[in-house]
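> Need coordinates for the following:
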Amino acid sequence: MDQEIFKLAEQLGELLKSRGQMIATAESCTGGWIAEAITDIPGSSAWFDRGFVTYSNHSKITMLGVETQTLEKYGAVSKEIALAMVKGALLNSTADLALAVTGIAGPSGGTEEKPVGTVFLAITGKYVKHKNVLLNLTGTRRSIRKKTVVMALKETLDYLTKDSESL
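Residues are numbered from 1 along each chain as shown. Okay, the predicted model is just below:
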């Protein structure tokens, strides 16, 4: 396990546990890596409710309630889909907040409008507004996915400490 990822997941766990809160994840391009990082922390069942790996559009629709029209209009890699995924994860769990990621890790699949390395993060809580983050990453498929995990954990910590007073 990467030490940076482990430390970030550990910090997230300490913060959520101290608040008596739980998180859920909805992951596409990271394929469950964020949930893996979280569950590598001993005792994470006290603050991690569940993770959804929704790699296909069908799974986004059936597991998270993402609307077909939204996928058709914006594409699977978009701010709108990240937001729909995070809302679906929150609604389909008992968590207090949720994190979602969708992106293009490559080496193929990119377009001029959305090149390889385009990743959208969304974070929301039950009682606070959502946060959307666009990442433009470079590197290999593995490094883009790893950078996404790191940024997702950092942005969630930032959301909890700076962007929301309370969930």
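
> State the number of residues packed around the closest residue to residue 97 other than its chain neighbours.
Nearest non-adjacent residue to residue 97, counting by C-beta to C-beta, 6 or more residues apart in numbering: residue 125, 4.0 Å away. Any C-beta I mention is one placed from the backbone N, CA and C, and that applies to glycine too. Number of residues near residue 125 (other C-beta atoms under 10 Å) recorded here: 22.

> tell me the pLDDT at residue 125?
On pLDDT, residue 125 comes in at 93.

> Residue 165 too?
On the pLDDT scale, residue 165 is placed at 53.

> now swap in residue 129 and tell me
At residue 129, pLDDT is 81.

> For my notes, confirm it occurs in a strand.
No - the assignment for residue 129, made by DSSP: H, G, I helix; E, B strand; the rest coil, is coil rather than a strand.

> Neighbours of it, how many?
Close neighbours of residue 129, defined as other C-beta under 10 Å, add up to 9.

> Please name the residues that touch it.
Residue 129 makes no contacts at all, as judged by C-beta atoms under 8 Å, 6 or more residues apart in numbering.

> That one and residue 97, how far apart?
12 Å (C-beta to C-beta, to the nearest Å).

> circling back to that earlier point, quick check: the residue nearest to residue 97 vs residue 67, distance?
Distance from residue 125 to residue 67, by C-beta to C-beta: 22 Å.

> What mean pLDDT does stretch 137-149 get?
For stretch 137-149, mean pLDDT is 97.

> May I see the buried residues of it?
Within stretch 137-149, the residues scored as buried using 16 or more other C-beta atoms under 10 Å are 137, 141, 144-149.

> cool, stretch 103-117 as well?
103-106, 109, 114, 116-117.

> residue ranges for the helices of this structure, please.
Ranges of helices within the chain are 3-19, 33-39, 57-64, 68-74, 79-91, 141-158, based on DSSP state H.

> Can I get these in a markdown table including distance to residue 45?
Formatted as a markdown table, the helices of the chain follow (distance: least, C-beta to C-beta, whole Å):
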| stretch | distance to residue 45 |
| --- | --- |
| helix 3-19 | 10 |
| helix 33-39 | 8 |
| helix 57-64 | 21 |
| helix 68-74 | 32 |
| helix 79-91 | 17 |
| helix 141-158 | 18 |
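
> Looking at these, which is nearest to residue 49?
Proximity to residue 49, assessed across the helices of the chain by C-beta to C-beta, is greatest for helix 79-91 (9.1 Å).

> mind listing what's buried in the helix-or-strand element of the chain with minimal mean pLDDT?
Least confident helix or strand of the chain, by mean pLDDT, DSSP states H and E, is strand 131-136 with a mean of 95. Buried positions in strand 131-136, judged by neighbour count with 16+ other C-beta under 10 Å: 131-133, 135.
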